[in-house]
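*Asks:* heads up, no residue letters with this:
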């Protein structure tokens, strides 16, 4: 099995982007997933246009890394958001990645237990699909993939993810499977869940989890209860070659994050090639 093993800069979002790249490179990763908001000027401001993607690509290359995925951070619920999403797609193209990672609407009004009124939720779902259509068309024109990750609601589990892909009806709308989110938000075993959406999965957000639904315990991948071996074997059976990118790391200080990143790359480099 071949996959682009990388790490998101998300865990370093309170630090300069350069610090994230330094730690990720030192840990032994080859690829980096870009979180667009950091505590410095090295970020993908939507107002900077597509050119910002090309500029950031040089920063990443100079750090000895290769970009693999961009976290979009835009949910298309109105015309303004559609315009922003198109800019993000253009930035991703200039950055040199094949995928913009995204999330669908949030269904809860309080925590992950109190759902929004059904009529309000249904109205937002319809707005989402209506505004996703022009975004998906733009992705097709540019040659970019939009990958939705499990994050409750329309992407709660593999079954909902499959419905989203089918309703979007675009070859550029696929899934970035997040086993930790499936476990945390839904209390579902990812290894049993992933076969339903494996054929439509183009990347993986590598996140572990421990405990029942809602338990906020996310150890470094390989230290929790997610059976990553089973998840990746299932994906491998469907020809998976997409990015496998670590999202959450244990620790907050730079030395802690660096140690966690090194632990993660060792785990993934031992697991994925063997599969």
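*Replies:* Thanks, I have the structure now. Predicted model, so just to flag it, every value in this text is computed and none were measured.
*Asks:* only C-alpha atoms for contact and neighbour calcs from this point on.
*Replies:* Noted.
*Asks:* Spit out the contact partners of residue 84.
*Replies:* Applying Cα atoms under 8 Å, 6 or more residues apart in numbering to residue 84 gives the contacts 46, 74.
*Asks:* how about a cut-off of 7 Å?
*Replies:* Applying Cα atoms under 7 Å, 6 or more residues apart in numbering to residue 84 gives the contacts residue 46.
*Asks:* A helix includes it, no?
*Replies:* Yes: looking at residue 84 with DSSP: H, G, I helix; E, B strand; the rest coil, it is inside a helix.
*Asks:* how about the helices in the chain?
*Replies:* Secondary structure of the chain (DSSP state H): helices at 17-27, 51-62, 79-95, 118-142, 158-168, 179-186, 190-193, 228-237, 254-271.
*Asks:* Please tell me I have it right and residue 101 contacts residue 72.
*Replies:* Yes: at 5.4 Å, residue 101 counts as touching residue 72 under the criterion of Cα atoms under 7 Å.
*Asks:* low-confidence ranges in the stretch 151-275 of the chain?
*Replies:* In the predicted model of the stretch 151-275 of the chain, no residue satisfies pLDDT under 70.
*Asks:* again, only this time at 90
*Replies:* Along the stretch 151-275 of the chain, segments meeting pLDDT under 90 span 273-274.
*Asks:* can you tell me which residues contact the residue of the chain most remote from its centre?
*Replies:* Centroid-distance maximum for the chain: residue 119 at 28.9 Å, with Cα atoms, centre = their mean. Residues in contact with residue 119 (Cα under 7 Å, 6+ apart): none are found.
*Asks:* how much space is there between it and residue 25?
*Replies:* In this view, residue 119 and residue 25 are 48 Å apart by Cα to Cα, to the nearest Å.
*Asks:* One more: residue 100?
*Replies:* To residue 25, residue 100 is 22 Å away according to Cα to Cα.
*Asks:* When the two are compared, which one has more neighbours?
*Replies:* Just comparing residue 100 and residue 25: by other Cα atoms under 10 Å the higher neighbour count belongs to residue 100, 28 against 23.
*Asks:* And the pLDDT for that one?
*Replies:* You'll see residue 100 listed with a pLDDT of 98.
*Asks:* For it, give me its contacts.
*Replies:* Counting by Cα under 7 Å, 6+ apart, residue 100 touches 69, 70, 71, 72, 89, 92, 145, 146, 147.
*Asks:* Does it have any beta-bridge partners, and if so which?
*Replies:* residue 70, residue 146 (DSSP bridges).
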